[in-house]
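Enquirer: predicted model and sequence below, questions to follow.
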Amino acid sequence: MIRSVDYETGEIVLPAGELGKGFCILESGTLEVVLDDRVLAEIDTAGSIFGELSEILGMKRVEAVRAKTSVTVRHVEESIADIVTKNPKVSI
């Protein structure tokens with residue numbers, strides 16, 4: 001399933017401490033990757049993919065992703081393995 005979600009400034013898009021499934025795509029706005037309220041990185045390019053490493057590594061997220069500005073994020077809630085199985089060209 002793919003769903004588009006709008007977040008307001010300060011809202012958590014991906015919380016720390018959970019195991020991810022699928023990935024997200026930034027449609028608009030700016031995100032912050034945070035650990036203990038320290039900003040580690042910003043994501044501000046439309047089309048950027050994030051949140052996939054948790055599933056790929058099979059580990060819970062250490063950092064959280066929150067909205068620095070109002071953002072729109074597309075959540076692709078299907079396992080990466082299923083996506084590649086259905087469309088092998090995506091792995092290239």
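Expert: That came through, no problem.

Enquirer: and the helices in this structure?
Expert: Ranges of helices within the chain are 53-57, 80-86, based on DSSP state H.

Enquirer: among the ones you listed, which comes closest to residue 65?
Expert: The closest of the helices of the chain to residue 65 is helix 53-57. By Cβ to Cβ, the value is 10.7 Å. Placement of C-beta: from N, CA and C, glycine included.

Enquirer: let me see the mean pLDDT of the closest one.
Expert: Mean pLDDT, helix 53-57: 88.

Enquirer: contacts for that helix, please.
Expert: Contacts to helix 53-57, defined as Cβ atoms under 8 Å, 6 or more residues apart in numbering, come from residues 18, 19, 20, 21, 22, 23, 59, 60, 61, 79, 80.

Enquirer: count the neighbours of residue 65 for me.
Expert: 24 (other Cβ atoms under 10 Å).

Enquirer: and what of the one 3 residues further on?
Expert: Other residues near residue 68 come to 17 when the count uses other Cβ under 10 Å.

Enquirer: and residue 14, by the same measure?
Expert: Residues contacting residue 14 under the criterion other Cβ under 10 Å number 20.

Enquirer: from residue 83, how far off is it?
Expert: 18 Å (Cβ to Cβ, to the nearest Å).

Enquirer: picking that back up, in a markdown table: the helices of the chain, plus mean neighbour count and distance to residue 39.
Expert: Written out in a markdown table, the entries for the helices of the chain read as follows (neighbours: other Cβ atoms under 10 Å; distance: least, Cβ to Cβ, whole Å):
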| stretch | mean neighbour count | distance to residue 39 |
| --- | --- | --- |
| helix 53-57 | 14 | 18 |
| helix 80-86 | 12 | 27 |
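
Enquirer: quick one, which of those is nearest to residue 45?
Expert: That would be, of the helices of the chain and by Cβ to Cβ, helix 53-57, which comes in at 17.5 Å.

Enquirer: which non-adjacent residue is nearest residue 1?
Expert: residue 77 (4.9 Å; Cβ to Cβ, 6 or more residues apart in numbering).
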